[in-house]
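S.K.: dropping the sequence and predicted coords here.
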Amino acid sequence: MNEKAVEHQETRETIIPVRKYPYYIEKPPKENRVGRFLEAFAAVLKYSDYKPLLDSYCTSNTKCNRCAVACPVFLATGDPRDIPCYRTNLILDIYKRYFTIGGAIKARLTNGFELTEEIIDDMLDGFYRCTACRRCTRECPLGVDHGLITRLARYVLSLIGIVPKALQVSVREQLEGTTHNTSKVPKEALINTLEFLSEELEDLLGVKMTFPVDRPGREYVFFCAVSDYLLEPETLMGNAAVLYAAGDWDKWTVGTHNYDGINYGLFYSDWHLENIIKQLVAEVTRLKGEKILIGECGHASRSAHDFVPVFAGKEAYPVTNFMEYTLKCIQEGRIKLDRDIVTKRVTYHDPCNIARSGWIVQQPREILKAFVNDFVEMKPSGQDNYCCGGGGGLVSIDEIHEFRMSVAGKIKAEQLRQTGAEICIAPCANCKKQLKELVEYYKIPCTVMGLHDLILKAIHIPGGKSPQERKEEAALMEM
Amino acid sequence: MELWIDFARGPLFALTFLIMLLGLARLIIIQIYSIVARKGRRLINAPWKKIFREALSWVIPVRHLIPGTKIFSIVSFSCHIGLILVPLFLANHIVLWEDLFDINLPQLSSSVADYLTLFTIVCLFILFGFRVFSIRLRSMSRKSDYVILIVVLLPFITGYMAVHPKMNPFSWNVVMLLHLLSAALLFILIPFTKLAHIVLFFFDRISAIHWQLRPGAGDQVAESLYGKEAKV
């Protein structure tokens, strides 16, 4: 560890309490972590396709350090160990030394690099300080994908049992549990929640909508982050309102065998990523659906959009994000939004998982511009946005709350404050949770919500109460 | 001495240049072969347009000037102009290309080449300065990062001195021999060090292809480590 790093060690330890592991682990491996790590890495290299990329990266990586200033974590700490390239080199060094001929010869001839327990400690800490937002990749002149490398390192670590308990427990329930979802919501609770939401919607909008459950042959099978059923009912009600107003109420369904879009495999494991995707696809096949409709969730959307075509073979159903669907409805004139309802200043946070690749950047902005008069952008925004600080699964790890607030989310909080917005739209379950905690932590007078929460306020429902009536009712309720 | 120079300009140059070409070709062939073998048909689905567009955005990387790294980026980018143009198009080098490969390249006027060489030398010194004085860069740099910069710098300095006898305190022969030897060293190092990014830059960029993971690999990895009953 160099001098600067030692200097930073103290700051680091005040942020994250001194523990052997910075996050809870179910069964921390006790001995021979080095040997087991190498064994797991060898297995991954044997069966997966990472070799050519690692070969290319470890030969050509120039360590120019441009990525440092793109990384919100490094900008907050200034610790060299938080430079994306530093982290990436941890794993590249291991690869070069143990899995290339050049590295093996060099090790024989010189007293070179050797994997130690300390490096394992460095990795399990470092790779979970990265939010895998891939902002650095856009600024790397060579295009080194530090997000992919972080994921690979986490994958190998997870194979020797080093994985945050919060993520592992959720994945276990999703793949091996009885409820098949990360929040352990039983089928009966889902049906009760949908009935409750239906009543709420009737009170609010003045029309009766019964949620379609397990209806076969529908065009869309809907998946959202399952936590939305418990924590973000307004987003779901907004989704439902759009489907109803657009006249597509009999074109969608929720399945009861699998209703969770969350896929933590995207953050740390190829193994789980694939099996969760297969589970999702199996549900669509069971219901004879045609398309997968994903609610407001960044990583659920990306994992389905990017990995259903990779893993599902012939069952690769097209994947639509709900915002794409809503925009299409607006463009076709199937739904109308009232311009006079939202008077507050609104800003939009781009979830990294859907914005970094440029997939969903303009769609939500076009939707917002259709009914919001005072819309303001964060700087920078779109593909170059800053991560909320909870990406890569970090938001689910409660024990690193202080790190997420004072380090990873620091720049985001500042950006948010500078917009002066009273409403921040974050169409992602993870970003929403993190941003809600951030505004509380930094005392920013701003309400964080999903895009469809806002749409719910302004949408015209055929045969129902007008948005204006609803606004007046809400005002009365508040009084 | 002249015999040495002739040797360095003739067989040594040809040999080291060949090593460089073969070394780089090896890297390209291994990359293409392993990607095609491992990814196969999945390559068709890759977002090629986007990959090429992103790669092209770095030809004139104005969009990538972000605060905190502006000077470094400008210097490092401009340095590449001289690094590519001078070795290829300098009048004295063109003769070499003609002798060796029988190709006729357009030539840089000597004053442009002069300024470009000086400019590149200055840029390389600044980059070296960054490696030494910037904490961020220093904390990540290894010995090889400094050595490579010097190896790249040497042919430029000795070349400039050879062309300008007035600025050269040594004999022309010595400087020319050093120029040729340092170039030979550079050629040998290119395919085996980070300088290989002159061809690998493209293969670094195709992570979108590598995100298309291999179906079934996850189960195989888990089974090989923990058996068929592997649990989450």
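M.R.: Looks like it arrived, so ask away.

S.K.: give me the pLDDT for the closest residue to B:His164 other than its chain neighbours.
M.R.: Distances taken as CB to CB, 6 or more residues apart in numbering or on different chains put B:Asp114 closest to B:His164, at 7.9 Å, once the chain neighbours are dropped. No exception for glycine: its C-beta is placed from N, CA and C like everyone else's. What the model reports as pLDDT for B:Asp114 is 92.

S.K.: element containing B:Asp114?
M.R.: Taking DSSP states H and E as the definition, one finds B:Asp114 inside helix B:110-133.

S.K.: and that helix, C-alpha only, in CSV?
M.R.: Once non-C-alpha atoms are left out, helix B:110-133 reads as follows in CSV (Å, rounded to 0.1, in the frame of the first residue of the first chain):
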residue,chain,number,x,y,z
SER,B,110,11.1,19.1,-43.3
SER,B,111,10.0,22.2,-41.4
VAL,B,112,6.7,20.6,-40.5
ALA,B,113,8.4,17.4,-39.5
ASP,B,114,10.8,19.4,-37.4
TYR,B,115,8.1,21.3,-35.5
LEU,B,116,6.1,18.1,-35.1
THR,B,117,9.0,16.2,-33.7
LEU,B,118,9.8,19.0,-31.2
PHE,B,119,6.1,19.2,-30.3
THR,B,120,6.0,15.4,-29.7
ILE,B,121,9.1,15.5,-27.5
VAL,B,122,7.6,18.3,-25.4
CYS,B,123,4.3,16.4,-25.1
LEU,B,124,6.1,13.2,-24.1
PHE,B,125,8.0,15.1,-21.4
ILE,B,126,4.8,16.6,-20.1
LEU,B,127,3.3,13.1,-19.9
PHE,B,128,6.4,11.9,-18.1
GLY,B,129,5.9,14.9,-15.7
PHE,B,130,2.3,13.8,-15.1
ARG,B,131,3.5,10.3,-14.2
VAL,B,132,6.0,11.7,-11.8
PHE,B,133,4.2,14.6,-10.2
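
S.K.: next SSE downstream of that helix?
M.R.: Under the assignment DSSP H and E, the closest C-terminal helix or strand after helix B:110-133 is helix B:135-140.

S.K.: in the next helix or strand after that next one, which residues are buried?
M.R.: Remark: after helix B:135-140, the chain's next helix or strand is helix B:143-163, criterion DSSP H and E. When burial is assessed from 16 or more other CB atoms under 10 Å in any protein chain shown, helix B:143-163 yields the following buried residues: B:145, B:148-149, B:151-163.

S.K.: now do helix B:143-163: which elements does it pack against?
M.R.: Taking 3 or more CB pairs under 8 Å, 6 or more residues apart in numbering or on different chains; DSSP states H and E as the contact definition, the neighbouring helices and strands of helix B:143-163 are helix B:70-89, helix B:110-133, helix B:172-189.

S.K.: those helices into a markdown table, with extra columns for mean neighbour count and distance to A:Lys187?
M.R.: Output for the helices and strands packed on helix B:143-163, formatted as a markdown table (neighbours: other CB atoms under 10 Å in any protein chain shown; distance: least, CB to CB, whole Å):
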| stretch | mean neighbour count | distance to A:Lys187 |
| --- | --- | --- |
| helix B:70-89 | 16 | 55 |
| helix B:110-133 | 16 | 60 |
| helix B:172-189 | 19 | 64 |
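
S.K.: pLDDT score for residue 19?
M.R.: If you meant another chain, say so; for now it's chain A. Model confidence at A:Arg19, expressed as pLDDT, equals 52.

S.K.: hmm, I had chain B in mind actually
M.R.: Residue-level pLDDT assigned to B:Ile19 equals 96.

S.K.: where's it relative to A:Pro29, distance?
M.R.: To A:Pro29, B:Ile19 is 45 Å away according to CB to CB, to the nearest Å.

S.K.: ok, these two, which is more surrounded?
M.R.: Each of B:Ile19 and A:Pro29 has its neighbours counted (other CB atoms under 10 Å in any protein chain shown); B:Ile19 has more, 17 against 14.
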